[in-house]
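>>> This is a predicted model, with the sequence first.
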Amino acid sequence: EGYYSFNIPPPTIVLTGNNSVANGITQGALQYGQTGIVLFGFKMDVTGATTITQIDIQSTGVSSNYFSNGILYRSTSPNFSVGTSTVVNTGTLSWQVAYVSIPVNESFNTPTLPTTYYYFLVGDYTNQNAPASGTIQYGFSTSQAPATLSISGGSTQSPSNVTDGQIFNVGLTYDWAGGTSDFATPGNYRNLNNGGVTSYPGTYDQLRIGVVPYANNSTQPTINTSPGISKLIFGNNNSPVLTINTGKTLTLSDGVEVQSGTTATITSSGTGTLSLDNTGTSTIPSGSTLNLTSTAKLTNNGILNQAGTLSVGGAAINTGTLNQAATGATTFSTTLNNSGTLNQAGTLNVTGAGTNTGTLNQTGTGASTFSTTLNNSGAVALQGTGTFTVAGTLTNSGTLSHTSSGNISLAAITNSATGNITFGSGTNTISSTTNNVLGGVLTTAGTTTFTGTVTNRGTLNSGGNTTYSAFSPVAGSHTTLSGTNTFNGTITDR
């Protein structure tokens, strides 16, 4: 009998990068305390039978300076999600100077067709001993040591081409220590281990004021230039106060955080501004307060989550999203210009003129009060039971939709050709004149009382229980009556 010999090819392993934004790689600067950071992704195609026992990923920065926890996930999708991924490291990751070693037990047995998996390195920046700001990048190289893959039986393998991940900027954390008031003096800061530093906060760094007691003296910080840093964190030690001198701006790429139970103050001798970038998320939790006193200004281009108290003495501009919880209380003492989204569930007080070209959503029981005027060319959606008040004229060229039982109190209305105002089922009072321009639409419901003259050149849908003191329809206008309509004064047909 004859024998046949077969040549069984050795297993092949192909590694390629998987490091785009869509793949779920973390974006932005890395900061102390940040967890679940997706640092590196790669695709592995394996044909044949083999078992991988260790994976080593190179780093251009010193991994051990920053990371003390980590996980390697495996997924069948190129886009990372914890919920659809499996933890594959069989022991603790070892963060070294130039690489991270990951023990695994990945077995494959597919003789003809490749098996494809995607792997993601996830770490926590929890090491307090980071020496300086810098960058770090993970990847594979053709001649790295140790080799990329350790295989059961003692062999190793590295890829045939270089695979580079995303370059991360790694920031430091500075604690304000007092001394002099100058923001730009290194001696006024300490690191996380209460040691001295040789610089002051920069672009990718975060500054903590009052998170720990001031180490030098009780002197509060003052900004005399227009710096940009990653994040500003206020704690409840030393009653923190930050001064931004007139004409200067502090720009935060990752937002401001007021820790629980903290009252923090930002002040200015003139037009100092706190600017929140569109890349950041800011938080003011319930029981905490952020006061921008005097004429200090606020520009929010990011996401601001507010369950506590926010007070702004200077002009306020919102181009991002302000999410106010039911426990929130917001006061803008000068002007509010909203071109973004303002979701209000607590109380809102605008002392100066209000301008809305974006979206204002009122929900819950909190009241909205505009003490002078409101110019709306965007969308105002009144969905809660809180009272909506404009003590001056409401000038509307957008939409104001009232779909709840809350009350409306307005001094006067000018509804332009593109304006659409709909009152809800609550009590609605307009104490002075109402001018509904040709093209404008005004719809009443609930109990509505017009104390001043209503001049209608557009479309008036009068429903519910509506009372007019004086009514002046203009030729070409359209008035529809339903429900109960009471005309107590003169009707002037023009």
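Here it is on my side, so go on. None of the values given here were measured: they were computed from a predicted structure.
>>> Sheet-wise, list the partners of the helix or strand where residue 411 lies with their directions.
Taking DSSP states H and E as the criterion, residue 411 maps to strand 408-415. Paired strands of strand 408-415, with direction, are strand 388-396 (parallel), strand 427-430 (parallel), strand 434-436 (parallel) (DSSP bridges).
>>> Heading C-terminal from the last one, find the next helix or strand.
Scanning forward in sequence from strand 434-436, with DSSP H and E defining helices and strands, the next element found is strand 441-444.
>>> can you give me the offset of that next one from its chain's centre?
With Cα atoms, centre = their mean, to the nearest Å as the basis, strand 441-444 stands 36 Å off its chain's centre.
>>> average pLDDT across it?
What strand 441-444 shows for mean pLDDT is 96.
>>> Which parts of the stretch 101-250 of the chain are strands?
Ranges of strands within the stretch 101-250 of the chain are 134-140, 149-151, 156-157, 163-170, 173-176, 189-190, 206-209, 222-223, 228-229, 231-234, 241-244, 249-252, based on DSSP state E, counting those that start in this stretch.
>>> now for the last one, which elements pack on it?
So that's strand 249-252. strand 228-229, strand 231-234, strand 273-276 (3 or more Cβ pairs under 8 Å, 6 or more residues apart in numbering; DSSP states H and E). C-betas here are computed from N, CA, C, even on glycine.
>>> right, and those - which one's nearest residue 125?
Closest to residue 125 of these is strand 231-234 (Cβ to Cβ; 12.8 Å).
>>> And for the closest one, what's in contact with it?
Applying Cβ atoms under 8 Å, 6 or more residues apart in numbering, the external contacts of strand 231-234 come out as 31, 206-211, 240, 242, 250, 252-259, 262, 264, 280, 290.
>>> That strand pairs with which strands, parallel or anti?
Sheet pairing of strand 231-234 (DSSP bridges) gives strand 206-209 (parallel), strand 256-258 (parallel).
>>> which one is residue 108 nearest to, not counting chain neighbours?
residue 46 (4.3 Å; Cβ to Cβ, 6 or more residues apart in numbering).
>>> Model confidence score at that neighbour, please.
Looking at residue 46, the pLDDT reads 94.
>>> Can you tell me the element it falls in?
Assigned by DSSP H and E, residue 46 falls in strand 37-59.
>>> buried set for that strand?
For strand 37-59, the neighbour count (16 or more other Cβ atoms under 10 Å) marks 37-48, 50, 52-59 as buried.
>>> That strand - contacts with which helices or strands?
Here strand 37-59 touches strand 12-17, strand 99-125, strand 134-140, strand 149-151, strand 163-170, going by 3+ Cβ pairs under 8 Å, 6+ apart.
>>> Just list what the second one packs against, helices and strands only.
Pointing back at strand 99-125 there. Taking 3+ Cβ pairs under 8 Å, 6+ apart as the contact cut, strand 99-125 packs with strand 37-59, strand 67-75, strand 94-95.
>>> Dump the ones you listed to JSON lines, plus distance to residue 109.
Compiled in JSON lines, the helices and strands packed on strand 99-125 are given as follows (distance: least, Cβ to Cβ, whole Å):
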{"stretch": "strand 37-59", "distance to residue 109": "4"}
{"stretch": "strand 67-75", "distance to residue 109": "16"}
{"stretch": "strand 94-95", "distance to residue 109": "28"}
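>>> and of the ones you listed, who's closest to residue 314?
Smallest distance to residue 314 across these (Cβ to Cβ): 35.9 Å, for strand 37-59.
>>> Starting from that closest one, tell me which strands it pairs with and how they run.
Short version: by DSSP bridges, strand 37-59 pairs with strand 12-17 (antiparallel), strand 99-125 (antiparallel), strand 134-140 (antiparallel), strand 149-151 (antiparallel).
>>> can I get those strands in JSON lines with distance to residue 228?
Output for these, formatted as JSON lines (distance: least, Cβ to Cβ, whole Å):
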{"stretch": "strand 12-17", "distance to residue 228": "31"}
{"stretch": "strand 99-125", "distance to residue 228": "20"}
{"stretch": "strand 134-140", "distance to residue 228": "17"}
{"stretch": "strand 149-151", "distance to residue 228": "42"}
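>>> So which of those is nearest residue 200?
Across the strands paired with strand 37-59, closest to residue 200 is strand 134-140 (Cβ to Cβ), at 16.3 Å.
>>> What lies in contact with the closest one?
Applying Cβ under 8 Å, 6+ apart, the external contacts of strand 134-140 come out as 15, 17, 30, 39-40, 42, 57-63, 66, 100, 121, 148, 158-159, 162-170.
>>> In PyMOL, select just the buried ones from these.
Only the buried entries of the contacts of strand 134-140 go into this PyMOL selection, using 16+ other Cβ under 10 Å:
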select buried, resi 15+17+30+39+40+42+57+58+59+60+61+62+63+66+100+121+148+158+159+163+165+166+168+169+170
